[in-house]
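Colleague: The amino acid sequence is not available; the structure is as follows:
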């Protein structure tokens with residue numbers, strides 16, 4: 001094998017100009033694929049970060065309460081009793097945050113907009129305090145009744161600053177409209193797409209808006225010691241069984257965000273409280289497909305570019321075989337078998353692909369690191385696609401290795417047909433070839 005590698009390397013070196021052009025082309029495809037997969041991984045990390053900060057815990061105990069068969073509210077009653085069961089069944093938890101849920105019209109002196117409301121007790125929100133970057137005001141002031149926090153895009157839309165008053169209007173579970181007045185106590189930096197349509201306010205004020213009791217909340221968001229989705233699902237399954245044994249009626253498993261379930265719940269003929277368990281991936285499933293789409297586009301684009309380059313590789317190998325026909329005939333005449341000739345040219349294609357992809361992978365990782373450190377801001381429209389307010393590229397070792405193996409394998413496969421033709425050459429006719 002070492003002899004085949006040596007022959008392949010010397011052959012590539014002998015035609016280094018031609019080899020260099022091919023290696024640059026293959027390396028550019030590799031670097032592009034590494035960077036695009038890095039963007040996909042960055043989207044995935046941003047998705048986890050923003051979802052578990054803005055709208056979900058690792059596991060969520062939520063549900064619906066129905067006063068009548070056709071009227072449902074996304075609330076959990078007797079939340080403290082449910083919390084006691086959670087603490088008993090989930091020893092892995094780090095903390096639990098109680099979040100109210102709402103969708104309301106927010107009105108300033110000059111404008112209005114519809115925003116999703118998250119009612120929070122800021123003293124419980126360990127992760128939120130670390131993740132949000134305050135531009136103006138103090139998050140701690142959300143402990144005061146009648147307070148609200150906005151993201152910078154929402155503040156710009158409403159044309160308000162810290163200290164300005166807003167009016168929130170929403171229908172209650174009983175079908176009547178209610179309003180509350182709040183004061184902006186903090187404005188924070190945006191976190192991509194999901195911060196466009198949600199904000200946080202004092203939980204007691206949200207309950208006042210929807211005329212709910214003090215022991216009622218929208219969801220109990222459970223944060224664990226692990227963020228691995230497989231482990232989270234195991235804990236979720238155990239918790240579902242524990243809540244059922246504790247006497248709570250559970251909704252059927254439905255891996256969608258809670259607002260997609262309103263229509264089904266409203267049609268079902270039950271009344272009272274039913275609990276619903278989801279994980280962070282369920283709550284953001286409506287956008288999670290974009291991460292898979294980016295990975296697919298990366299491999300599809302890489303495959304298309306490789307197909308174009310593959311034509312060039314085949315032409316170059318045809319030329320190489322033609323130039324080396326007499327050499328092949330001589331090697332066959334002194335005893336080299338067809339299999340060895342085949343392996344010789346396959347090794348040449350493999351070595352070409354491996355060296356080019358390794359160089360391209362290194363270049364792709366370096367470019368990703370440079371672009372990440374630049375913290376390039378993204379336009380609002382792009383934020384909706386990439387799920388972040390800045391460009392994030394995180395090419396992991398697994399994706400880099402997968403790219404190197406994939407492209408090297410494709411280049412080696414492209415070499416099969418020319419290599420097979422070279423191996424089939426007859427020694428006598430090959431040695432008589434005029435070159």
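Modeller: In hand now; what should we look at? A quick note: this is a predicted structure, and the numbers were derived from the prediction, not measured. Residues are numbered from 1 along each chain as shown.
Colleague: pretty sure residue 157 contacts residue 111?
Modeller: Yes: look at residue 157 against residue 111 with CB atoms under 8 Å: they come within range, at 6.2 Å. From N, CA and C alone the C-beta is placed, and that goes for glycine too.
Colleague: Extract the residue ranges of the stretch 251-400 of the chain that are flagged as low pLDDT.
Modeller: The stretch 251-400 of the chain contains residues with pLDDT under 70 at 286-291, 320-336, 380-389.
Colleague: Setting the sequence-adjacent residues aside, check what's closest to residue 118.
Modeller: Among residues not flanking residue 118 along the chain, residue 200 sits closest, at 4.7 Å (CB to CB, 6 or more residues apart in numbering).
Colleague: Checking the one you found next. Helix, strand or coil?
Modeller: With DSSP: H, G, I helix; E, B strand; the rest coil as the basis, residue 200 sits in strand.
Colleague: next one: the one 4 residues further on
Modeller: Following three-state DSSP, we place residue 204 in the helix state.
Colleague: repeat for the one 4 residues further on
Modeller: Classification of residue 208 using three-state DSSP returns helix.
Colleague: one step back: between residue 157 and residue 111, which one's more packed in?
Modeller: More crowded of residue 157 and residue 111, by other CB atoms under 10 Å: residue 157, with 18 against 12.
Colleague: Could you check the pLDDT of the more buried one?
Modeller: Residue 157 carries a pLDDT value of 91.
Colleague: Tell me how far it lies from residue 114.
Modeller: Residue 157 sits 11 Å away from residue 114, going by CB to CB, to the nearest Å.
Colleague: Okay, and the beta partners of the residue nearest to residue 118?
Modeller: Note on residue 200: beta-bridge partners by DSSP bridges are residue 118, residue 149.
Colleague: Surely residue 227 is within a strand?
Modeller: No: checked against three-state DSSP, residue 227 lies outside a strand; its state is coil.
Colleague: how much space is there between it and residue 126?
Modeller: To residue 126, residue 227 is 15 Å away according to CB to CB.
Colleague: can you check residue 339 too?
Modeller: The gap separating residue 339 from residue 126 is 64 Å, by CB to CB.
Colleague: Between the two, tell me which one has more neighbours.
Modeller: Set residue 339 next to residue 126 and count neighbours by other CB under 10 Å: residue 126 wins out with 12 against 9.
Colleague: Correct me if wrong: that one contacts residue 95.
Modeller: Yes: between residue 126 and residue 95 there is a contact at 5.5 Å, judged by CB under 8 Å.
Colleague: Common neighbours of those two, please.
Modeller: By the contact definition CB atoms under 8 Å, 6 or more residues apart in numbering, residue 126 and residue 95 are jointly contacted by residue 223.
Colleague: Give me the sheet partners of the strand ranked longest in the chain and which way each runs.
Modeller: Counting residues, the longest strand found in the chain (DSSP state E) is strand 93-107. Sheet pairing for strand 93-107, assigned by DSSP bridges, gives strand 112-120 (antiparallel), strand 165-171 (antiparallel), strand 219-224 (antiparallel).
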